[in-house]
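*Asks:* Sequence unavailable; structure follows:
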């Protein structure tokens with residue numbers, strides 16, 4: 001039987017560690033509703049629930065919704081780990097990202113969004129929004145797609161680079177790091193995208209924006225490095 005949200009949250013509270021909460025805060029993770037449960041524990045619980053996604057996907061979908069609505073930090077991460085991608089709706093995705101208050105939840109959800117048919121559209125839409133973690137979500141989905149969407153055409157990632165260049169002037173820490181992350185990952189996908197990413201980064205390096213120059217300089221160091229170029233030469237994507 002699929003466990004209830006209450007049962008899972010009770011389990012999470014058993015693993016609560018205030019010392020971890022303090023440590024997480026030092027890395028910029030929100031302490032609001034945070035128990036201090038480690039990712040290995042969360043992944044272990046998710047592995048227990050995942051088999052129900054095939055036998056009773058609607059129940060797991062409902063469980064994910066209830067975990068999210070609890071507002072408990074780790075429960076929200078767990079919701080993203082167990083959610084059934086095929087049942088995610090546009091309204092749900094927009095509602096969840098609008099409530100994100102921490103980069104780890106934002107990035108943790110990116111794999112879920114990337115596994116839905118909404119992925120490309122939401123990456124483009126969210127990257128153009130103003131809210132800090134909504135915008136970061138757009139770039140985090142781009143990153144997830146570079147890793148998981150093996151057969152996605154280069155044209156999609158080239159369109160992402162347009163957003164990278166347009167939004168690189170945002171000075172907010174979690175946005176500019178998300179933009180930089182997307183630029184680097186897109187540029188490591190294959191030779192064509194590496195060349196395009198280097199062109200974008202080279203233009204950004206000449207920008208009057210301090211944020212854009214940081215995004216560019218940091219990305220160029222990696223995109224032009226020997227190990228990255230050697231790996232790209234071996235890739236078949």
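*Replies:* That came through fine. Note that the coordinates shown come from a computational prediction; the quantities given were computed from them, not determined experimentally. Residues are numbered from 1 along each chain as shown.

*Asks:* can you name the farthest residue from the center of the protein?
*Replies:* Outermost residue of the chain with respect to the C-alpha centroid, by Cα atoms, centre = their mean, is residue 1; its distance is 30.2 Å.

*Asks:* show me the residues around that one that make contact.
*Replies:* Contacts here follow Cβ atoms under 8 Å, 6 or more residues apart in numbering; on that basis residue 1 touches nothing. In this view, the C-beta of every residue, glycine as well, is placed from N, C-alpha and C.

*Asks:* same check, this time on residue 52
*Replies:* Taking Cβ under 8 Å, 6+ apart as the criterion, residue 52 is in contact with 2, 59-60.

*Asks:* and which of those residues is nearest to residue 124?
*Replies:* Among those, residue 60 lies closest to residue 124 (Cβ to Cβ), at 28.4 Å.

*Asks:* element containing the closest one, please.
*Replies:* Element membership of residue 60 [criterion: DSSP states H and E] is helix 57-69.

*Asks:* list the helices and strands that helix packs on?
*Replies:* Using 3 or more Cβ pairs under 8 Å, 6 or more residues apart in numbering; DSSP states H and E as the contact criterion, the elements in contact with helix 57-69 are helix 5-14, helix 52-55, helix 73-82.

*Asks:* could I get these as a markdown table with mean pLDDT and distance to residue 227?
*Replies:* Listed next are these as a markdown table, based on pLDDT from 0 to 100; distance: least, Cβ to Cβ, whole Å:
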| stretch | mean pLDDT | distance to residue 227 |
| --- | --- | --- |
| helix 5-14 | 97 | 39 |
| helix 52-55 | 95 | 37 |
| helix 73-82 | 97 | 31 |
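
*Asks:* Highest average neighbour count across these: which stretch is it?
*Replies:* For the helices and strands packed on helix 57-69, the largest average neighbour count (mean count of other Cβ atoms under 10 Å) is found in helix 73-82, namely a mean of 24.
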